[in-house]
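Asks: give the three-dimensional model of this entry:
(chains A and B)
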Amino acid sequence: GQQVMQIPQYQHVQEGEDFTTYCNSSTTLSNIQWYKQRPGGHPVFLIQLVKSGEVKKQKRLTFQLGKEKKNSSLHITATQTTDVGTYFCAGPNNAGNMLTFGGGTRLMVKP
Amino acid sequence: DAGVIQSPRHEVTEMGQEVTLRCKPISGHNSLFWYRQTMMRGLELLIYFNNNVPIDDSGMPEDRFSAKMPNASFSTLKIQPSEPRDSAVYFCASSLGAGDPSTDTQYFGPGTRLTVL
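Replies: Model (predicted):
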């Protein structure tokens, strides 16, 4: 069953504004992965976080795993129209034997 | 290297017809996943194979759905008979599957957009 919950479901921003999506779990995560799906495309792996408090950056994207490893966030600085898409977090399911995807946050950027 | 290959990319069929979706995972990957994506229900895992053996099929909606993996390089998802509510994008994904499946990165195919009239 699903273990990771994502908020918000949708986010509209003006180009240049920042954007953040959050992923929460009731139990400790061994790892969290982030994927991006462009409109009409398929989910593509972005990054994996494993260590408590870990922060990783990819250009304007900052990924963070909380110190208790129960939540994670993806922050985009100064959004661009190319950032449009749905961002999924994925973590272990309740049984801990499979990766399960959150509901995703759909980002829309107004030029 | 070629990624995950799916065919067909688009399928339009009439209610009651049989539909077969095909997937070729990345060479060397031991795990294969079938997902269904709709606006209402998001991304749902249907079934997961490891070393060609179905490990978890709890997401398969009903008996009309069946999946096979006869060898390491090919899998099918069959819907018989198809219904309009089966309309969705069906993704196949693969992963290395050599260690902990809850930490494996998954590589998705381009998907098959199914429309059942």
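Asks: where does the chain dip in pLDDT?
Replies: If you meant another chain, say so; for now it's chain A. Residue ranges of chain A with pLDDT under 70: A:1-2.
Asks: not quite, go with chain B.
Replies: Within chain B, the ranges that satisfy pLDDT under 70 run B:1.
Asks: any idea which residue of it lies closest to chain A?
Replies: Residue of chain B nearest chain A, by CB to the nearest CB: residue B:102 (3.7 Å). C-beta: built from backbone N, CA, C; applies to glycine.
Asks: bridged to the closest residue to that residue other than its chain neighbours, which residues?
Replies: Excluding the flanking residues, the one nearest residue B:102 by CB to CB, 6 or more residues apart in numbering or on different chains is residue A:92, at 3.7 Å. Legend: beta-bridge partners of residue A:92 under DSSP bridges are residue A:99.
Asks: one more: residue B:50?
Replies: Per DSSP bridges, the residues bridged to residue B:50 are residue B:31, residue B:53.
Asks: likewise for residue A:72?
Replies: Beta-bridge partners recorded for residue A:72 (DSSP bridges): residue A:23, residue A:65.
Asks: for the most centrally placed residue in chain B, list the residues it contacts.
Replies: Nearest residue to the geometric centre of chain B (CA atoms, centre = their mean): residue B:34, 2.7 Å. The contact partners of residue B:34, taken as CB atoms under 8 Å, 6 or more residues apart in numbering or on different chains, are B:23, B:45-48, B:67, B:75, B:77, B:90-92.
Asks: show me what from chain A comes close to chain B.
Replies: Contact residues, chain A versus chain B (CB under 8 Å from any CB of the partner chain): A:30-31, A:33, A:41-45, A:48, A:50, A:88, A:90-93, A:96-101, A:103-104.
Asks: which of these are buried, as a PyMOL select command?
Replies: Here is the PyMOL command that selects only those of the residues of chain A next to chain B that count as buried (16 or more other CB atoms under 10 Å in any protein chain shown):
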select buried, chain A and resi 31+33+42+43+45+48+88+90+91+92+93+98+99+100+101+103+104
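Asks: in strands only, show me the residues of chain A next to chain B.
Replies: Those of the residues of chain A next to chain B mapping onto strands are A:33, A:44-45, A:48, A:88, A:90-92, A:99-101, per DSSP state E.
Asks: thought residue B:107 was touching residue B:93?
Replies: Yes: assessed by CB atoms under 8 Å, residue B:107 is found in contact with residue B:93 at 6.1 Å.
Asks: anything in contact with each of those two?
Replies: Shared contacts of residue B:107 and residue B:93 (CB under 8 Å, 6+ apart): residue B:4.
Asks: which of the two has more neighbours?
Replies: Taking other CB atoms under 10 Å in any protein chain shown, residue B:107 and residue B:93 do not tie; residue B:93 has more neighbours (28 against 20).
Asks: just checking, that one touches residue B:33?
Replies: Yes: assessed by CB under 8 Å, residue B:93 is found in contact with residue B:33 at 4.4 Å.
Asks: Three-state assignment for residue B:11, please.
Replies: Assigned with DSSP: H, G, I helix; E, B strand; the rest coil, residue B:11 falls in the strand class.
Asks: what residues are up against the residue nearest to it when sequence neighbours are not counted?
Replies: Leaving out its chain neighbours, the residue that sits closest to residue B:11 by CB to CB, 6+ apart is residue B:114, at 5.0 Å. Residues near residue B:114 by CB under 8 Å, 6+ apart: B:11-13, B:19, B:21, B:79, B:82, B:86-90.
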